[in-house]
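the following comprises the amino acid sequence and a computationally predicted model.
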Amino acid sequence: MPIANYAFGVAEASVYAPETFAQGLPDRDGQARDDESVAAGAEASAPLLALEGIGLSFGGVVALADVDLSVRPGEIRAIIGPNGAGKSSLINVISGVYRADRGHVRLNGARYAQVPIQQLARLGVARTFQNLALFKGLNVLDNVASGIAYRTRSNFAGQILGIGRSRREQADQRGRADRILEFLHLTAVRDRLAGTLPYGLQKRVELARALVAEPRLLLLDEPMAGMTADEKSEMVAFVRAARDRFATTVVLIEHDVGVVMGLSDRIAVLDYGRKIADGTPDEIRNDQRVIDAYLGVASDNEEGAGI
């Protein structure tokens, strides 16, 4: 196997493509969606998300430099690159954590200098984080239900006493949370404290909390970091199932490039804050600039090996 193939984990890509988890799961309107219909719709639609000339610096250190990126409805869009390439900074710009120094974010057709982070859920955006951000002293059900707490309309007294509108809202939130727990095969641990679960299950609980609000755009920041091969295989299947069954568009940052190649529709590659490549997995696999960025070698006089 060529060294570039090994470095990009192509030999492992097929491991992360199980279909069993995606079968028999309901989508929002109870209809099954197949991969071909999702892909056809994505090709015909305007971008759900577009980044226009995004620039970001910290104390003179350039994190992002004139990055353009489009994400079509219904696709799984990966962003990869070496450590320090600017991937998490880009996710933080998309989610409103950072305000770009230059450029704009277009989301659902609206143009923002900074996405309003306090309205993120109402804009149909949810995210997970590199480091777990669960309430470890709460059980799994309450952690997941917290993902739709922004919908609460009852007053403080009603919430404390659990009466009237508050009782109906709590029942609705718990019902939605239970359906997502079933979808992600977490029902058996619904009453466990989140902090007592194995790491891989905690990462899945965080995915459940993001999905419970039925986001149009799901931002996943290294959702498989620290997982075993089996846990990654399960998570890949759940991400694909969420896209297919709930029509959720996914932006994914992930260091396991074997996973990325097997899961993504299109991939953008960052290096030192600049986008150096953008295309399908096959196009990225054979892009010499990407090979050089990952392997740290120039090969103008060498025959390029496929990634």
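Perfect, I can see it now. As the structure is a prediction and not an experimental result, all values here were calculated from the model.

where does L132 land in three-state SS?
Here L132 is coil, with the state taken from DSSP: H, G, I helix; E, B strand; the rest coil.

now name the helix or strand holding the nearest residue to V67 once chain neighbours are set aside.
Spatially, and ignoring its direct neighbours in sequence, V67 is nearest to I54 (4.4 Å; C-beta to C-beta, 6 or more residues apart in numbering). Every residue, glycine included, has its C-beta placed from N, CA and C. Assigned by DSSP states H and E, I54 belongs to strand 49-58.

which positions in that strand come out as buried?
L49, A50, L51, E52, I54, G55, L56 (16 or more other C-beta atoms under 10 Å).

could I get the contacting residues of the residue nearest to V67?
Residues near I54 by C-beta atoms under 8 Å, 6 or more residues apart in numbering: L64, D66, V67, D68, L69, L90, V93, A100, R102, G103, H104, V105.

among those residues, which are located in helices?
Among the contacts of I54, the residues falling in helices (DSSP state H) are L90, V93.

and the contacts of I54 as a markdown table, adding pLDDT and distance to E283?
Output for the contacts of I54, formatted as a markdown table (pLDDT from 0 to 100; distance: C-beta to C-beta, whole Å):
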| residue | pLDDT | distance to E283 |
| --- | --- | --- |
| L64 | 98 | 22 |
| D66 | 97 | 21 |
| V67 | 98 | 18 |
| D68 | 98 | 17 |
| L69 | 97 | 15 |
| L90 | 96 | 20 |
| V93 | 97 | 25 |
| A100 | 97 | 27 |
| R102 | 97 | 28 |
| G103 | 97 | 25 |
| H104 | 97 | 27 |
| V105 | 98 | 25 |
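
hang on, the earlier thing: which of the buried residues of strand 49-58 sits closest to R209?
L49 (21.0 Å; C-beta to C-beta).

any idea how far the closest one lies from R274?
Separation of L49 from R274 (C-beta to C-beta, to the nearest Å) stands at 19 Å.

and if you look at D256?
For D256 relative to R274 (C-beta to C-beta), the value is 23 Å.

comparing the two, which residue is more hemmed in?
D256 (21 against 15; other C-beta atoms under 10 Å).

so who does E222 touch?
Q130, I253, E254, H255.

torsion angles phi and psi at it?
phi 50, psi 60 (degrees, to the nearest 10).

got it, and V269?
phi -120, psi 130.

please report the distance of I180 from L123.
20 Å.

more neighbours: which of those two?
Shown here are I180 and L123; by other C-beta under 10 Å, I180 has more neighbours (24 against 19).

tell me which element the more buried one is part of?
Counting by DSSP H and E, I180 is part of helix 164-183.

leaving out chain neighbours, which residue sits closest to A85?
L270 (4.0 Å).

host element of that neighbour?
Here L270 is assigned to strand 266-271, by DSSP H and E.

can you report how many residues neighbour I253?
When neighbours are counted by other C-beta under 10 Å, I253 comes out with 23.

please name the residues that touch it.
By C-beta under 8 Å, 6+ apart, I253 lies in contact with A78, I79, I80, K87, S88, I91, L220, D221, E222.
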